[in-house]
Structure formats: structure tokens, C-alpha cells
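Enquirer: Model the structure of this input:
(one chain, ligands or ions: 1)
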Amino acid sequence: MNLARFELDRLAAMIRERCGLRSDTDDGQALAAALDTRLAATGSPNATAYLTRLAEDTDEFQAVINLITVNETYFFREPEQISFLVRRARAMLADRAAGQPIGILCAGCSSGEEPYSVAIALNEAFGADARRLFRVLAVDIDSGALAKARRGIYGERSFRGVPPGMRERHFHRHEAEGWALDPAIRASVEFRHVNLLADPLGELGPFHAVLFRNVSIYFDAPTRRQVISRFADLLVDRGCLIVGAAETLSNDFGVLSLAEHGGVFFFVKGDETARRPPPRPRGPAKSATAVKPVRPATPPSPPRPMKRTRPSDRQNTPADAVRLVREERYDEALSLVDGWPAGPGRHRIRAQILFNRNEPRLAEREAEAVLASDPWCVDTLVLLAQIARQRQDAEKALHWLKQAVYARPEAWLPHFYLAETYRRSGRFERARREYAVVVQQLSASEASSTAALQFPPGVAPADILRLCQRNLEAITVEQGHGA
Ligand SMILES: C[S@@+](CC[C@H](N)C(=O)[O-])C[C@H]1O[C@@H](n2cnc3c(N)ncnc32)[C@H](O)[C@@H]1O
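Expert: Below is the predicted model of the structure:
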């Protein structure tokens, strides 16, 4: 059917007003196709009559929404964010009120791959305790996607980001449709139909973390701000909001503070610096937080054990180990490097693995062993600075970062951390200088300055560039109040 522009505009306005979705991302094609489909399905005489009905008929409106939402998703999308969430979950457990589960909201969960990834990761980290310790709520406006999510059966495409062995541990073959999720994991996620823009959210919370990934791209700036403010109301103090890595800066409205940890950017309610747990007393304990009842990293009786990569598989080069670390296959990476003779290469990778596993004290020991034979190893100097930053020890962080800059002045990452550390400690002029260096380096070449690093950060250099430019502007204001 030929649709008039004004009819499409009327539909676009209705959708934008009720649920925030823009239709300009594909020139309104999805909208036109949806309108065509629904006109035929309802036998409406014309678009004007249909639109009049649509204004009143909520079921019909839902049918349109189900046609126009973009549901693209897969398991373990942006896995470094999921790992960050698990690391933070440990710290959140230490902070929570006794007996209260940690609330995690997946906002815009589509067909469930995201919240189930969270549930699987929590299960792998905390075992059967995860269900008692965490409450995962997943919401979406698309009732069709939610129905699929509740079934928990997925085809191959949903697994394109899944670490090896994970699928075999938590899914079983489903005759016709692919893979069915373990019923216990499925039951650990609650799904609800929610319009993030318009439905009351208050009774859903409170939450310690909100994942709002790959949804805000379909909203305009005022809608994004409105939704972020709604999340801010749902978050506990120092709760965090995680958006897709590419969406970070477009959601930075100053409603929540932007923070970074281990290369993952996120927003936090209140003061992030207040949330670090106190340093643990020296001792053999493994986890960075003192959460006694939790046994980390023991998947509950896996149906099929994960195939481990061992040196005997002929994958035992440093490049293999680095790849495993980047894929967050830490146990495999550790067993691989432990087969190597002692030396800086082994210590260097062990340091990174232990840091990523939130074992800073052990990581520090490995890092010191690296520096004993290779005092200018930039990865290790940056790692030590990150550990110092975690401990709120700005002077120590600056010490390591200055050495890293001295060792490799062309690498932007140490400059970036220097800028951040200076800024946080109120030394705005120095921060400004370092941000300017990063801007200059990244404007010249985004790739080359991290080429020297074995473990570059997970965030896109283009985002760092924009962040630094924005911080340079903000510093002018802060300088008025600071140093
Ligand atoms: C591209 S998917 C993102 C899925 C998942 N978060 C991920 O990152 O893989 C976007 C989802 O946002 C949902 N969505 C869009 N507008 C919404 C709104 N106003 N309220 C709730 N969900 C919404 C869509 O239905 C869709 O399922």
C-alpha cells in the first residue's frame, strides 16, 4: 500500500512519544513496513483509519512495537563488561545490607541472551549461591522478544560470542531449535514487560547495577537523559550503570558520574572513590573482597567438562597466552603459562591474569618480579599503577605512570591514566597537560600508540579521544573550584 508521508510521521510521533524510539535511523523503512503489515493483518480500510484505532488500542500498539524494535543480541556480547559486573558483584556483596540480594537490572533485554549471560557468569563465579545472592530482573518493551527469552531456547547465532565450553556447561541440545538453557539458570532470571520511558519503575528496584546496552542508540538525547535519570532513581548509592562501550559518551549527561575500571567505562551513582573496599590484611585469601561464604569459579557439576587448552595442544606461545587473557579464559591462560620456565614473560602474563581476576596483591608480586629483570616493561608499569589507583594511592600510581611515560612516551594509555589520576587528585593543570598529550597522540594515530602494549584497554581509542576532549573543556570549569 502506498503510504503518505504524513501518515508515517503521525505513527513515528506516536511511537517516539510513547516509548522513545526514533524512526530516523533507517529513513523510516521499518515503520513503513510495519504499517503495511498491520494494515493487512487488521483489514483496515486505510492508514488514517488504522492510525485512529492505534491511538486507542494498546494490543495493536504492541503489535506495531514488536515489529519495529531491533532485537539484535547474543550471549556474552561485550564480555569485558560482564566480567566487570562479576568483579563488582564481589565488592557489592561486601557492601550490601545483610541478607539483601544484589539487584541487577537488564534494561532492554531483548530475547534474553544478555541477562542469561549475566546469570551464567554469576553462576560460574559463585556457584549455586548465585541464586540466593543475586536477583536478576530483565525487562523489554517487545512482548515477542520476552516470550522467546522465557523459553530459553536459542539457535547458533546467539552463541557467536560464547567462550568455549560455556555452552556445553549450561545448555543441552534441543531437537529442533538448537540449544535449551539449563532450567535452573533460566529460573534465576525474571522477565517483565516494561516500557523504560513511560511505565512506573519504582517498585522494580532498588538495583546495584543496571545494564542498558545497545538500547540508547534508538533514543534521541532528551529521551536518553530522561531514561538515565529514571535509572539513577532506581540505583542504590554507588550503584553502577553500564551502557554499550560505544554509547558511553552519548549517555554522559552528568546525572551519574563517569568512571573507569580496568578499561571498562561505567556510570556510578554518587562517589565512586568511596566504594573501594578497604585493603585486605596480608594472608593467603584469594579474592580481593572478603566475602566468606562465596566460593569463586566453581561451576556446579558441569554436564560436560570444558576442554582445556594445554601446552600439549601445541598452543603455548606468548601470543596464545595473551589471546586467552583477552578472551578472559584465565584458568586456561594460567595453566598454559605455568608450563613455561620462570622468567619475565611468564610473570608479566600471570600479573595481568591475577589483576583481571581481582587478586591485586598476587598480581603485584608477579609485576615486581617482571620489573626485577625488565624495569621498563610498560604493561607492567601501567598494571602497577592500576593497582595503586584501586587502592586510592594516587602518589604511587603517579610514580608508576611517570616511569611508563618515560619508557614509552608515544603510548597514550599511561598519559591517559596520568591525566585521570591528576584530575582526581585536584591537580587540574597537570591533568590538562596530559589530556592534551592524549588528544594529540590519538588525533595523529589511534592504533600505533597501543601497538606496543600487550594488553591495550577494551575501550575504543575514538571514545578515549572524545572523553579527553570533553575533560579538557570540563577542566576549565573545575579549575575555577580546584587547585
Ligand atoms: C538491540 S536490543 C539490545 C539487547 C541487549 N541489551 C544487548 O545489548 O544485546 C534493544 C532492545 O531494546 C528494547 N527497547 C527499545 N525501546 C525500549 C523501551 N522504551 N523500553 C524497553 N525496552 C526497549 C527493544 O525492544 C530491544 O529488544
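Enquirer: Quick check: the gap between residue 31 and the ligand.
Expert: 14 Å (Cβ to the nearest ligand atom, to the nearest Å). Using the backbone N, CA and C atoms, a C-beta is placed for each residue, glycine as well.
Enquirer: what's the answer for residue 205, then?
Expert: 15 Å.
Enquirer: Surely residue 172 is within a helix?
Expert: No. Assigned with DSSP: H, G, I helix; E, B strand; the rest coil, residue 172 falls outside any helix and is strand.
Enquirer: which non-adjacent residue is nearest it?
Expert: Nearest non-adjacent residue to residue 172, counting by Cβ to Cβ, 6 or more residues apart in numbering: residue 180, 5.7 Å away.
Enquirer: So what sits opposite that neighbour in the bridge?
Expert: residue 153, residue 172 (DSSP bridges).
Enquirer: Tell me how far it lies from the ligand.
Expert: Separation of residue 180 from the ligand (Cβ to the nearest ligand atom): 20 Å.
Enquirer: Report whether the helix or strand harbouring residue 64 contacts the ligand.
Expert: Per DSSP states H and E, residue 64 falls inside helix 58-68. No. Using Cβ under 6 Å from any ligand atom, helix 58-68 never reaches the ligand; the gap is at least 7.3 Å.
Enquirer: by contact count, what packs against that helix?
Expert: Contact here means 3 or more Cβ pairs under 8 Å, 6 or more residues apart in numbering; DSSP states H and E; on that basis helix 58-68 packs against helix 5-19, helix 29-42, helix 47-56, helix 143-151.
Enquirer: Any chance of those in CSV with distance to residue 173 as columns?
Expert: Formatted as CSV, those follow (distance: least, Cβ to Cβ, whole Å):
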stretch, distance to residue 173
helix 5-19, 37
helix 29-42, 34
helix 47-56, 42
helix 143-151, 15
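Enquirer: any chance of those in JSON lines, with mean pLDDT too?
Expert: Formatted as JSON lines, the helices and strands packed on helix 58-68 follow (pLDDT from 0 to 100):
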{"stretch": "helix 5-19", "mean pLDDT": "91"}
{"stretch": "helix 29-42", "mean pLDDT": "91"}
{"stretch": "helix 47-56", "mean pLDDT": "93"}
{"stretch": "helix 143-151", "mean pLDDT": "98"}
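Enquirer: okay if I get those as CSV plus mean neighbour count?
Expert: Below are the helices and strands packed on helix 58-68 laid out as CSV (neighbours: other Cβ atoms under 10 Å):
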stretch, mean neighbour count
helix 5-19, 16
helix 29-42, 16
helix 47-56, 15
helix 143-151, 18
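Enquirer: ok so, going back, moving C-terminal of the helix holding residue 64, what's the next helix or strand?
Expert: helix 79-95.
Enquirer: That next one near the ligand at all?
Expert: No. Counting by Cβ under 6 Å from any ligand atom, the ligand is not contacted by helix 79-95; separation bottoms out at 9.4 Å.
Enquirer: what's near enough to touch the nearest residue to residue 439 once chain neighbours are set aside?
Expert: Nearest residue to residue 439 in three dimensions, chain neighbours excluded: residue 468, at 5.0 Å (Cβ to Cβ, 6+ apart). Residues in contact with residue 468, defined by Cβ atoms under 8 Å, 6 or more residues apart in numbering, are 416, 419, 435, 438, 439, 442.
Enquirer: and the gap between residue 75 and residue 161?
Expert: Separation of residue 75 from residue 161 (Cβ to Cβ, to the nearest Å): 6 Å.
Enquirer: which one of these two has more residues nearby?
Expert: More neighbours surround residue 75 than the other of residue 75 and residue 161, with 26 against 16 (other Cβ atoms under 10 Å).
Enquirer: Would you mind confirming that the more buried one makes contact with residue 116?
Expert: Yes. Taking Cβ atoms under 8 Å as the definition, residue 75 is a contact partner of residue 116 at 6.9 Å.
Enquirer: Which helix runs longest in this protein?
Expert: When the chain is parsed with DSSP state H, its longest helix is helix 461-481.
Enquirer: Which parts of the stretch 201-350 of the chain are strands?
Expert: Applying DSSP state E, counting those that start in this stretch to the stretch 201-350 of the chain gives strands spanning 207-212, 235-243, 257-261, 264-268.
Enquirer: Now the first one: buried residues?
Expert: Meaning strand 207-212. Neighbour counts using 16 or more other Cβ atoms under 10 Å place 207, 208, 209, 210, 211, 212 of strand 207-212 among the buried residues.
Enquirer: try the longest one
Expert: If you call a residue buried by 16+ other Cβ under 10 Å, then strand 235-243 has these buried ones: 235, 236, 238, 239, 240, 241, 242, 243.
Enquirer: Near the spatially closest residue to the first one that is not a sequence neighbour, how many residues? Count them for me, please.
Expert: This means residue 235. Spatially, and ignoring its direct neighbours in sequence, residue 235 is nearest to residue 269 (4.4 Å; Cβ to Cβ, 6+ apart). Neighbourhood size, residue 269 [other Cβ under 10 Å]: 21.
Enquirer: Cross-check the contact I'm expecting between residue 269 and residue 229.
Expert: No. Between residue 269 and residue 229 there is no contact under Cβ under 8 Å: 11.2 Å.
Enquirer: if I look at the one residue sitting closest to the centre of the chain, how far off is residue 118?
Expert: Residue closest to the average C-alpha location in the chain (Cα atoms, centre = their mean): residue 81, at 2.6 Å. To residue 118, residue 81 is 10 Å away according to Cβ to Cβ.
Enquirer: which neighbours do the two share?
Expert: With Cβ under 8 Å, 6+ apart, residue 81 and residue 118 have common neighbours residue 211.
Enquirer: For the residue in the stretch 251-400 of the chain that the ligand sits nearest to, which residues are in contact?
Expert: Ranking the residues of the stretch 251-400 of the chain by distance to the ligand (Cβ to the nearest ligand atom) places residue 251 first, at 13.6 Å. Residues near residue 251 by Cβ under 8 Å, 6+ apart: 212, 216, 224, 228, 243, 267.
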